[in-house]
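Q: Give the three-dimensional model of this entry:
(chains A and B, ligands or ions: 2)
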Amino acid sequence: MQNADVEAGRNRSLVYFSTKSGNTHRFIQKLGLSAQRLPLNREEPTPRIEQPYILVTPTYGGGYAEGAVPGQVIRFLNDEHNRHLLRGVIAAGNTNFGEAYGLAGRIIAQKCQVPLLYRFELFGTDDDVAKVRKGVEEFWKRQAQSLTT
Amino acid sequence: MTTMQRLSRVDAINWNRLQDDKDLEVWNRLTSNFWLPEKVPLSNDIQSWNTLTQQEKQLTIRVFTGLTLLDTIQSSVGAPVLMEDARTPHEEAVYTNIAFMESVHARSYSSIFSTLCATRDVDDAFRWSEENPTLQAKSELILERYRSDDPLMRKVASVFLESFLFYSGFYLPMYWSSHAKLTNTADLIRLIIRDEAVHGYYIGYKFQQALAEATPERQQEVKDYAYELLLELYDNEVRYTESLYDEVGLTEDVKKFLHYNANKALMNLGFEPLFPSSVTDVDPTIMAALSPSADENHDFFSGSGSSYVIGKAVATEDDDWAF
Ligand SMILES: [Fe+2]
Ligand SMILES: [Fe+2]
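A: Numbers count the residues shown, from 1 in each chain, chains lettered A, B, ... in the order given. Ligands and ions are numbered 1, 2, ... in the order given. Next up, the predicted model:
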């Protein structure tokens, strides 16, 4: 990757996982930012990412840490190369789960030492989409700045 | 109308041969969430209950009676009609779990009553529920769809019950909890709220699967019917809310909670939310009451947490994570 690209804020990208219900996929579509989907099928090889990215993931289960992060996401992050390019995480969930709302995001943030950037419910409202679009853009700008200083 | 393939014969269920992975995922989620009211020490709320005024007690009992009616409908009519429409044996099995948990929910309200309330006050509230026109109207609007021969609208009605109609009631225990009252009762209600989220999500998912197979004309028709039903339920829900909460001055705040949850019900069906964010700004203390021991919100983007707040430690299964 070229440093010039990073400085210009290019190469920003999202990686996401979405189950068959497709809520997270729909959120990504509404964002309209370039994004790579992790394979749903566990038999498929997990992709290798070549640039810094933000991960968007749903939360599984009904409030327990065990199983909250989808297995496909764990497999992807178990690849050290992928993990080192992770810059932040956005998690989907439901406030009905109380403190476990977006729990997958909290677990990943903690394990990978990156910020949990945002949480949204189901496929996100227009407000969520606007906030994340703006937030992601500013986030990459700040990242680029911190690299040049 | 599209005819859906129902299960016409009974074969032994094989959970190792799934037609839809979602069935097992949700089954596992529901079974690991299983609970009984005995788990919650409701009697610790007796002292707190006695601090409520007679009017507040009556409101609380009425609200819980209304919730009991919805759980009873879902257990004895809703889940069984969905079972008839099931397209995989595993889907059918998930509805048996939902039906049973609705009975547990309905049972729980009676546990609250027998622990905290005077028998006569409870009897009065049940009589009130049988005569209250707006409560009866919402029950009738749902039952009408359950009795219809339209499997898609049965699921729509069911998701509205699960994800929208309960919330005029759920508001009150969250309100008490935010005032440090009836906190054990609130713990129990939070278990119910968690279950209802999975129910609404799953039935909504099955609805979307079935709708995707319909013709574009039929899809549009169902979507129109769904919004129509939501608005009809909403108008009635506003009247129900006023009849309960006007006297304690909470109606406007409850309505925001209704808007917020109506949007989520629509999203569970795959439809766009209806109410703009200007009317879904639920009082933060109510949102906080939904997750009592959570750390502050994680809106990193809007700068509410400018440092890299990573949150409190959560134990995870480390063998899954190689690093
Ligand atoms: Fe219920
Ligand atoms: Fe339910």
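
Q: Confirm for me that A:Gly124 is in contact with A:Lys30.
A: Yes - with contact defined as CB atoms under 8 Å, A:Gly124 reaches A:Lys30; the gap is 6.6 Å. From N, CA and C alone the C-beta is placed, and that goes for glycine too.

Q: more crowded one of those two?
A: Legend: neighbour count by other CB atoms under 10 Å in any protein chain shown for A:Gly124 and A:Lys30, higher for A:Gly124 (25 against 18).

Q: That one - that's part of a helix, no?
A: No - checked against DSSP: H, G, I helix; E, B strand; the rest coil, A:Gly124 lies outside a helix; its state is coil.

Q: middle-most residue in chain A, spatially?
A: A:Leu55 (1.7 Å; CA atoms, centre = their mean).

Q: List the residues that contact A:Thr46.
A: A:38-39, A:72, A:75-76, A:79, A:82 (CB atoms under 8 Å, 6 or more residues apart in numbering or on different chains).

Q: Mind checking which of these land in helices?
A: Judged by DSSP state H, the contacts of A:Thr46 include A:72, A:75-76, A:82 as members of helices.

Q: B:Asn184: which of these is nearest?
A: Nearest to B:Asn184 out of those is A:Gln72 (CB to CB; 38.7 Å).

Q: I'd guessed that closest one sits against A:Pro45; true?
A: No - the pair A:Gln72 / A:Pro45 is not scored as a contact, 11.2 Å apart, by CB under 8 Å.

Q: Alongside ligand 2, which residues does chain A contribute?
A: Contact residues (CB under 5 Å from the ion) of chain A with ligand 2: there are none.

Q: What ranges does chain A have for its strands?
A: Ranges of strands within chain A are A:14-16, A:35-37, A:53-58, A:86-93, A:116-121, based on DSSP state E.

Q: Let's have these in JSON lines, adding distance to B:Leu36.
A: Formatted as JSON lines, the strands of chain A follow (distance: least, CB to CB, whole Å):
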{"stretch": "strand A:14-16", "distance to B:Leu36": "38"}
{"stretch": "strand A:35-37", "distance to B:Leu36": "40"}
{"stretch": "strand A:53-58", "distance to B:Leu36": "29"}
{"stretch": "strand A:86-93", "distance to B:Leu36": "26"}
{"stretch": "strand A:116-121", "distance to B:Leu36": "28"}
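
Q: wait, what's in contact with the residue nearest to the centre of chain A?
A: Here A:Leu55 is in contact with A:14-16, A:73, A:77, A:86, A:88-90, A:108 (CB under 8 Å, 6+ apart).

Q: how near is the residue of chain A found nearest chain B to A:Ala91?
A: Nearest residue of chain A to chain B (CB to the nearest CB) works out as A:Gly135 at 2.8 Å. Distance, A:Gly135 to A:Ala91, by CB to CB, to the nearest Å: 14 Å.

Q: Can you pick out the residue with more neighbours from those two?
A: Just comparing A:Gly135 and A:Ala91: by other CB under 10 Å the higher neighbour count belongs to A:Ala91, 27 against 20.

Q: which residue packs closest to that one, ignoring adjacent ones?
A: Leaving aside its chain neighbours, A:Ala91 sits nearest to A:Gly105 (2.6 Å; criterion: CB to CB, 6 or more residues apart in numbering or on different chains).

Q: Report the contact partners of the one you found.
A: So A:Gly105 contacts A:57, A:59, A:89-91, A:93, A:116, A:119, B:298 (CB under 8 Å, 6+ apart).

Q: JSON lines for these, including pLDDT and distance to B:Leu182?
A: Converted to JSON lines, the contacts of A:Gly105 look like this (pLDDT from 0 to 100; distance: CB to CB, whole Å):
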{"residue": "A:Thr57", "pLDDT": "97", "distance to B:Leu182": "36"}
{"residue": "A:Thr59", "pLDDT": "93", "distance to B:Leu182": "29"}
{"residue": "A:Val89", "pLDDT": "96", "distance to B:Leu182": "36"}
{"residue": "A:Ile90", "pLDDT": "97", "distance to B:Leu182": "35"}
{"residue": "A:Ala91", "pLDDT": "96", "distance to B:Leu182": "31"}
{"residue": "A:Gly93", "pLDDT": "93", "distance to B:Leu182": "26"}
{"residue": "A:Leu116", "pLDDT": "94", "distance to B:Leu182": "32"}
{"residue": "A:Arg119", "pLDDT": "95", "distance to B:Leu182": "28"}
{"residue": "B:His298", "pLDDT": "56", "distance to B:Leu182": "28"}
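
Q: Also near ligand 1: which of the residues you listed, exactly?
A: Counting by CB under 5 Å from the ion, no member of the contacts of A:Gly105 reaches ligand 1.

Q: Out of these, the closest to ligand 1 would be?
A: Nearest to ligand 1 among the contacts of A:Gly105, counting by CB to the ion, is A:Gly93 at 20.0 Å.
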